[in-house]
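Trainee: quick one: sequence plus predicted model below, questions after.
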Amino acid sequence: MSSDEEPPKRGLKGPAPEERARPEGRRNSQGIRIDPDVEAEQLPRRTTITALVSNQPGVLSEVSGLFSRRQFNIESLTVGPTQNPDWSRVTVVVEEPDPNVEQIEKQLDKLVPVIHTRELGDDAVRRELVLVKVSADNPERIHAITEMYDGRTLDAGPRTVTVELTGSERVIDDALDAFRQFDVREIARTGHTALARGETKTSIAPDRVKTDE
Amino acid sequence: MSSERAVPREERDGEQDSDPDPVTTGAESVVRALENAGVEYLFGVQGGAIMPVYDALFDSGMTHVTMAHEQGAVHAADAYGIVTGRPGICMATSGPGATNLVTGIADADMDSDPVVALTGQVPTDFVGSDAFQETDTTGVTRPITKENYFASDADSVGDTVGEAFAMAARGRQGPTLVDLPKDVTNGDTDAEPGSAETPPTYEPAETAEPAAVERASEAFADADQPVILAGGGVIKAEASEELRAFATDHEVPVVTTMPGIGAFPENHPLSLEWAGMHGTGYANMALTLTDCLFAVGTRFDDRLTGGVETFAPDAEIIHADIDPAEISKNVEAEYGLVGDAAAVIEQFDAALDESPDTDEWRAQCEEWKREYPLDYYIDEDDPLRPEFVVEAVDAATDDDTVVTTGVGQHQMWASQYWTFTEPRTWVSSHGLGAMGYGVPATIGARLAADEDQSVVCFDGDGSFLMTCQELTVAAREEMDITVFVLNNEYIGMVRQWQDGFFEGRHMASDYNWMPEFDVLAEAFGANGYRIDDYDEVEDTIEAALADDGPSVVDVHIDPQADVFPMVPSGGDNGLFALRGDHL
Ligand SMILES: Cc1ncc(C[n+]2csc(CCOP(=O)(O)OP(=O)(O)O)c2C)c(N)n1
Ligand SMILES: [Mg+2]
């Protein structure tokens, strides 16, 4: 195309799209460069993210707002006090592909009240608590299943029995399956909370945010 | 001198307090915190819940500019922040005052502009009772602020405002908001606010990890077709000088994003101008075919990348940004360099043992510049081309002129056909694309710019109609601004998409019911001009620019003019359309 050619009456001059040099590669929809033959997207996986946050008004809504606004899939979110009265721990179980897990950590870190964020390893200690209320039609069997899952009976009335169970997600799921043979009236689950195993620190607060414990 | 007038503090007589009176109320503490932070101007609208703060301003050396609408106040503050680099301050009452700020706060959040919003709130005891003009302002603005605050007591409110100011200014800039219940601002206190500081949990990295810089620089040195992509962060970090030195020392072509316009002089041989949906053909070709992209201070917005599948698909990406969450958010970066743009460019330069060999690549870029020029067809018997008007205003003004815009086709023509050479001279609404930004932004930019700098606005007829009432402020303050309304009697960008993607069905896009803008301008107290033909362009521009005070030029342009090049939404940058039949 010579440069002294007149531009068209509408639009601009220049080679049409099909006449142009083209790149060889491609990215996937996550923006990752890929081998064109294996256009694999990363699959979601379930993992636990823990965040140490400073206690300020609105911090929980900031955290939960982040997940809804950025469309991250959360399975559960728990919050509670820590050894330091100025801090709380947020534990989130998410089901997302790798790049998003990384984004979640970074976006959490970006929130001003968030002191430290990390993804917990497979060996982390995780627990969930669940309350199950069932009809008291068969108290002996309810008691047996409760014992089997190391549960506790919190309330046993003439019509209902309420049981407390704690455990890993698998154990809780199994236990609830077992309880389905009764007439389950209501269930309340707390969602997961977790700590890193052994000497590994779950969260590391930088010195500049340390307060008197 | 009327206290309404925006007179800089040093020009006021006898009003300067060298030894200010001690603080006695929360409101005075708010004002003191702003004074301590060096604030000169505040933009706002009065109202019940914010009245104590306004009252405390009565004796302050800071200048309050009363705006016609709170949206005007926040856009003015935003533009002030863009042009000065320091947070612009806006104020509003509770309820509708605060909700009127929302568009401008969202705009500042998208474009990382430093803005502090101060909103009145009903007294603490009434909060939660659905009291008159009560809105959950911190709730509404939480997702669109960098951080927001609900002031809890008179003793700490000054420090809270100081923190909000520091947070808006430091690290990745952005809007912050402090909600001020009336009992807090009215409350007694003698607490003098300390200096404005960010909280200890906020610690942006200054420099990037040296090992990462080292690895990235090796990749860059080995590149055959490297490109530097300069985003708005380069300007925000005052890194334009470092970028210029780096690019010219290593002879690497530079593409900017739209917010990055001005980071690198567009008349420099290495400049490919800006890329993206309506970017230049040569910038989009270079981004598509580069094998190594050094991107600084950009968040890879979809208007820049088009579909990510085809964005720089052959390139290793080195992404430098102050915000770690931007690295690999939209496009995966092989090398993430988290730090201040100026510092990282210097680190990168120091680590680079050898410049990449770019002779062939630069020749290729030059060829693209010849192949895809932004030349347009002119016939003086035809309706006026908007591109011609932009070039004529550029020719009639100095290089340091500040250009503001509304949102639409006119915004694109302004950014394409104006040759920007300096940072902080391009003031626009990018990420949010908020029509109505133009006139109030021009007011904020006027107060921020040097006195001898010209400030001009390119607006659209639709955009202008959204906030033109702010001209009353410019008239009251005798501000020397010139607004060129590129009037196509359409919300033209919508009309262009209807022609391209909706079979030309012009549903609700025909704006031939507009008032005469030159007459309207005069009713507001500004000077009104009108241009219909080519032979009026030069003289009318001269006259409008020469006027002191605000002028509006109603420029009747070709209603059928379209913006090209164009990459359709989510499309392939390398396949940009040059004409309608390419779409
Ligand atoms: C507040 C707002 N409402 C609607 C839109 C959608 N929109 C984008 S561009 C555009 C056209 C703007 O018309 P005008 O200001 O006349 O500019 P032109 O495109 O004609 O130059 C519209 C309606 C928007 N960006 N902002
Ligand atoms: Mg228009």
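Mentor: Structure's in. What do you need? Numbering: from 1, shown residues only, chains lettered A, B, ... in the order given. Ligands and ions are numbered 1, 2, ... in the order given.
Trainee: next up, identify which helix or strand A:Ala175 is on.
Mentor: For A:Ala175, the element it lies in under DSSP states H and E is helix A:169-179.
Trainee: how is the chain partitioned into domains?
Mentor: All of this is about chain A. The record's domain parsing of chain A by automatic domain parsing lists A:45-119, A:125-194.
Trainee: ah, no, chain B please
Mentor: Looking at automatic domain parsing, the domains of chain B come to B:9-186, B:210-371, B:386-564.
Trainee: got TSV for the ones you listed, with distance to A:Pro99 too?
Mentor: No exception for glycine: its C-beta is placed from N, CA and C like everyone else's. Listed next are these as TSV, based on distance: least, Cβ to Cβ, whole Å:
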stretch	distance to A:Pro99
domain B:9-186	21
domain B:210-371	7
domain B:386-564	22
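Trainee: so which of these is nearest A:Gly25?
Mentor: Smallest distance to A:Gly25 across the domains of chain B (Cβ to Cβ): 3.9 Å, for domain B:210-371.
Trainee: do any residues in that closest one lie close to chain A?
Mentor: Yes - Domain B:210-371 comes into contact with chain A (Cβ under 8 Å from any Cβ of the partner chain), by way of B:281, B:285, B:288-289, B:300, B:305, B:308-314, B:323-325, B:327-332, B:370-371.
Trainee: quick check: longest helix of chain A.
Mentor: What stands out as the longest helix in chain A, according to DSSP state H, is helix A:98-110.
Trainee: how about the domains of chain B in JSON lines, adding mean neighbour count, distance to A:Glu105 and mean pLDDT?
Mentor: Converted to JSON lines, these look like this (neighbours: other Cβ atoms under 10 Å in any protein chain shown; distance: least, Cβ to Cβ, whole Å; pLDDT from 0 to 100):
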{"stretch": "domain B:9-186", "mean neighbour count": "22", "distance to A:Glu105": "17", "mean pLDDT": "95"}
{"stretch": "domain B:210-371", "mean neighbour count": "22", "distance to A:Glu105": "9", "mean pLDDT": "98"}
{"stretch": "domain B:386-564", "mean neighbour count": "21", "distance to A:Glu105": "24", "mean pLDDT": "98"}
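Trainee: about what we covered before: deepest-packed of the domains of chain A, please.
Mentor: Ranked by mean neighbour count under mean count of other Cβ atoms under 10 Å in any protein chain shown, those are led by domain A:45-119, which reaches a mean of 18.
Trainee: need the distance between the two termini of it.
Mentor: Using Cα to Cα, to the nearest Å, the end-to-end distance of domain A:45-119 comes to 12 Å.
Trainee: avg pLDDT for it?
Mentor: What domain A:45-119 shows for mean pLDDT is 93.
Trainee: do it and chain B meet at all?
Mentor: Yes - counting by Cβ under 8 Å from any Cβ, chain B is contacted by domain A:45-119 at A:54, A:57-58, A:61-62, A:65, A:69, A:99, A:102-103, A:106-107, A:109-110, A:112-115.
Trainee: close to ligand 1: what parts of chain A are there?
Mentor: Nowhere does chain A come near ligand 1, counting by Cβ under 6 Å from any ligand atom.
Trainee: now do the helices in chain A.
Mentor: Using DSSP H, the helices of chain A run over residues A:59-69, A:98-110, A:139-148, A:169-179.
Trainee: of the residues of domain B:210-371 next to chain A, which belong to helices?
Mentor: Among the residues of domain B:210-371 next to chain A, the members falling in helices (DSSP H) are B:Gly281, B:Met285, B:Thr288, B:Leu289, B:Thr305, B:Arg370, B:Glu371.
Trainee: looking at those residues, spot the one nearest ligand 1.
Mentor: Distance to ligand 1, by Cβ to the nearest ligand atom, is smallest for B:Thr305 among these, at 19.6 Å.
Trainee: OK, contacts around that closest one?
Mentor: A:Gly31, B:Gly276, B:Phe311, B:Asn330, B:Val331, B:Asn573 (Cβ atoms under 8 Å, 6 or more residues apart in numbering or on different chains).
Trainee: neighbours of the closest residue to chain B within chain A, how many?
Mentor: Across chain A, no residue is closer to chain B than A:Gly11, which sits at 3.2 Å (Cβ to the nearest Cβ). Other residues lying near A:Gly11 total 20 when counted by other Cβ atoms under 10 Å in any protein chain shown.
Trainee: which non-adjacent residue is nearest it?
Mentor: Leaving out its chain neighbours, the residue that sits closest to A:Gly11 by Cβ to Cβ, 6 or more residues apart in numbering or on different chains is B:Arg579, at 3.2 Å.
Trainee: please tell me how far the one you found sits from B:Pro383.
Mentor: 18 Å (Cβ to Cβ, to the nearest Å).
Trainee: picking up where we left off before, just name the closest of the contacts of B:Thr305 to ligand 2, please.
Mentor: Using Cβ to the ion, B:Gly276 is the member of the contacts of B:Thr305 that lies nearest ligand 2, at 20.9 Å.
Trainee: from what I can see that closest one touches B:Phe300, true?
Mentor: No - B:Gly276 is beyond contact range of B:Phe300, at 10.3 Å (criterion: Cβ atoms under 8 Å).
Trainee: just checking, B:Thr119 is part of a strand?
Mentor: Yes - assessed by DSSP: H, G, I helix; E, B strand; the rest coil, B:Thr119 belongs to a strand.
Trainee: and the spatially closest residue to it that is not a sequence neighbour, which of the three is it?
Mentor: Closest residue to B:Thr119 apart from its sequence neighbours, by Cβ to Cβ, 6+ apart: B:Ala98 at 4.3 Å. The local conformation at B:Ala98, judged by three-state DSSP, is helix.
Trainee: which residues touch B:Ala98?
Mentor: Going by Cβ under 8 Å, 6+ apart, B:Ala98 touches B:Glu70, B:Ala92, B:Thr119, B:Gly120, B:Thr135, B:Thr137, B:Val140, B:Thr141, B:Asp179.
Trainee: quick one: residues contacting the closest residue to the first one other than its chain neighbours.
Mentor: When you say that, I think you mean B:Glu70. Counting by Cβ to Cβ, 6+ apart, B:Glu70 lies nearest to B:Asn100, which is 3.5 Å off, once chain neighbours are set aside. Neighbour list for B:Asn100: B:Val45, B:His69, B:Glu70, B:Gln71, B:Ala92 [criterion: Cβ under 8 Å, 6+ apart].
Trainee: and which of those residues is nearest B:Thr24?
Mentor: Closest to B:Thr24 out of those is B:Ala92 (24.2 Å), distances taken as Cβ to Cβ.
Trainee: dig out what that closest one forms beta bridges with.
Mentor: B:Thr119 (DSSP bridges).
Trainee: how about the contacts made by it?
Mentor: Going by Cβ under 8 Å, 6+ apart, B:Ala92 touches B:44-45, B:47, B:50, B:70, B:73, B:98, B:100-101, B:117-120.
Trainee: near ligand 1, which of those residues show up?
Mentor: By Cβ under 6 Å from any ligand atom, no member of the contacts of B:Ala92 lies near ligand 1.
Trainee: the helix or strand harbouring B:Val553 close to ligand 2?
Mentor: Using DSSP H and E, B:Val553 falls within strand B:551-556. No - using Cβ under 5 Å from the ion, strand B:551-556 stays clear of ligand 2, with a minimum separation of 10.8 Å.
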